[in-house]
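Next one to model:
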Amino acid sequence: MAHPALTEIEDLVAEGAFEEAVQRLRDFASSQLGKPTALTHQFQQYYDMSLTLSAEQSGLSRNRMMGLLREEDAQLQQRQLLHRLLQLSRSFARAVTDAETKTAAPLPVAEPDLSRQPKISTVPEKVWGRDNLQSISWLAQGLASSAAICRVITSKSIGTGFLLPGGFVLTNNHVVPSAELAADADLEFNFERDIEGRMRRSSLYPVDPGVFATDATLDYTLLKVGAAPEEEPLSRWGHVTLGQGRKVELGDPVTIIQHPDGGEKRIALTSNDVVYVDAPRLLYRTDTKKGSSGAPVFNEAWEVVALHRAGGHIEVGDAGDKIYANEGILIDHILAHLEQVDPGLAARL
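Just a heads-up that it's a prediction; the model follows:
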């Protein structure tokens, strides 16, 4: 017999309530992960797949609002997503039934018989150093986060910024050093290519001249997006998640989504390890270029742990040694400073 929660999910799918149905499925999968069972790994997969469906739904909604899809195509994609969600729910129901009625021994993982291949290898597959394997849904989560990254365009230069809750945008002080410069700035979202290599239609927003906070030492500037036209709601871009209190250690990978050279949105995924931590500074080898200033530095959970600001031969320690790396300011120090100088504004983030 199907679990009541999963039956309810099927009813929601039949009503076309995709967002509520996928949230219920994710919540149910999360509750199952807390139970000791041989199928825990399989339940994790269901949870990850529900995240992927959510990300695809967000992308479909965004493309629909932007007019990038014909209505009949959008409706077809919506029906396909609902069908996939229904199939996932039913598959999950069967797995739950198996877990509750029997203690199934997990199948062994496939490994080569190395004794029969002495000239090919004497070592099975392995993780080299740090385990870099990620769920495939990790890519979808990163893509969803990328929507909140924008170009910050002033009369002096082009940099990068990212959207926070409440319609605020964080960038560098050296990108927007003054309220006067901010007043005439534009924030451009969706300046990127689609899966076929074509430039998408971007969206420009003004800066609210009544909100401005900056600090040259920590090299940050906080802006607020101005009035958005009705056909271009700011909510379509979502916002990043701040990694407040998240510890960053030597060797941790950090990913940067950015507008290098002031151009289309790009991502640096490889050779991206942290090489030095000296609060409030964070040094890493993740690639950036001019124009990347103000980009978010993400940890593996797609939480922003630092604000990228510069790169080159950077002095570290008391002996004057230098490291060739890129540098960001830890987000906790930026938020702490903002809390000190403008607690009312900090409370709105």
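
what ranges do the helices span in the stretch 101-250 of the chain?
137-146, 179-183 (DSSP state H, counting those that start in this stretch).

the strands in the chain, which residues?
149-153, 158-164, 168-171, 186-189, 203-215, 220-225, 241-242, 255-258, 266-268, 274-278, 281-284, 296-298, 303-316, 321-330 (DSSP state E).

Tabulate those strands in CSV, adding columns for mean pLDDT, distance to Asp131 and mean neighbour count.
Any C-beta I mention is one placed from the backbone N, CA and C, and that applies to glycine too. Converted to CSV, the strands of the chain look like this (pLDDT from 0 to 100; distance: least, C-beta to C-beta, whole Å; neighbours: other C-beta atoms under 10 Å):
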stretch, mean pLDDT, distance to Asp131, mean neighbour count
strand 149-153, 97, 27, 26
strand 158-164, 97, 28, 26
strand 168-171, 98, 31, 26
strand 186-189, 97, 34, 20
strand 203-215, 96, 38, 18
strand 220-225, 98, 33, 25
strand 241-242, 96, 23, 18
strand 255-258, 98, 16, 25
strand 266-268, 96, 20, 20
strand 274-278, 94, 16, 17
strand 281-284, 96, 19, 23
strand 296-298, 98, 18, 30
strand 303-316, 95, 19, 20
strand 321-330, 94, 24, 19
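
how about those strands in TSV, adding distance to Gln75?
Formatted as TSV, the strands of the chain follow (distance: least, C-beta to C-beta, whole Å):
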stretch	distance to Gln75
strand 149-153	30
strand 158-164	29
strand 168-171	34
strand 186-189	26
strand 203-215	24
strand 220-225	31
strand 241-242	31
strand 255-258	31
strand 266-268	31
strand 274-278	46
strand 281-284	44
strand 296-298	34
strand 303-316	35
strand 321-330	43
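
Out of those strands, which is closest to Leu82?
Nearest of the strands of the chain to Leu82, taken as C-beta to C-beta: strand 241-242 at 27.2 Å.

can you list the residues that contact the closest one?
Applying C-beta atoms under 8 Å, 6 or more residues apart in numbering, the external contacts of strand 241-242 come out as 145, 164, 302-304, 331, 335, 349.

and if we set it to 10 Å?
141, 145, 148, 162, 164-165, 170, 296, 298, 301-305, 331-332, 334-335, 349 (C-beta atoms under 10 Å, 6 or more residues apart in numbering).

returning to what we had before: burial-wise, tell me which of the helices of the stretch 101-250 of the chain comes out on top.
helix 137-146 (a mean of 18; mean count of other C-beta atoms under 10 Å).

and for it, what are the contacting residues?
In contact with helix 137-146 (C-beta under 10 Å, 6+ apart) are residues 45, 47-56, 58-59, 62, 134-135, 162, 190, 192, 237-241, 255, 257-258, 265-267, 269, 296, 298, 300-304.

Just the buried ones from those?
Burial of these was assessed by neighbour count (16 or more other C-beta atoms under 10 Å); the buried members are 45, 47-56, 58, 62, 162, 190, 192, 237-241, 255, 257-258, 265-267, 296, 298, 302-304.

re earlier: right, so of the strands of the chain, which gets closest to Ala93?
It's strand 241-242; of the strands of the chain, that one is closest to Ala93 (C-beta to C-beta) at 31.1 Å.

my guess is Val277 meets Ile323, correct?
No. Val277 lies out of contact with Ile323 (C-beta atoms under 10 Å); the separation is 11.6 Å.

Can you work out which residues contact both of these two?
Common neighbours of Val277 and Ile323 (criterion: C-beta under 10 Å, 6+ apart): 283, 316.

Who are the contact partners of Arg79?
Gly16.

make that Arg246, sorry
252, 299, 301, 303-305, 330-332.

6 Å instead, please
Residues in contact with Arg246 (C-beta atoms under 6 Å, 6 or more residues apart in numbering) are 303, 305.

Just the pLDDT for it.
Arg246 carries a pLDDT value of 93.

In space, what's closest to Asn132 - neighbours in sequence excluded?
Pro253 (7.4 Å; C-beta to C-beta, 6 or more residues apart in numbering).

average pLDDT across stretch 15-31?
pLDDT averaged over stretch 15-31 gives 82.

got the contact list for it?
With C-beta under 6 Å, 6+ apart as the test, stretch 15-31 has contacts from 5, 9, 12-13, 43, 46-47, 50, 53-54, 57, 82, 85, 89.

ok, and the most crowded of those residues?
Counting neighbours by other C-beta atoms under 10 Å, Ile9 leads the contacts of stretch 15-31 with 28 neighbours.

can you pull the contacts of that one?
Ile9 sits in contact with 21, 24-25, 89, where contact means C-beta under 6 Å, 6+ apart.

Please repeat the previous calculation with a cut-off of 10 Å.
By C-beta under 10 Å, 6+ apart, the contact list for Ile9 reads 2-3, 17, 20-25, 27-28, 85-86, 88-90, 92-93.
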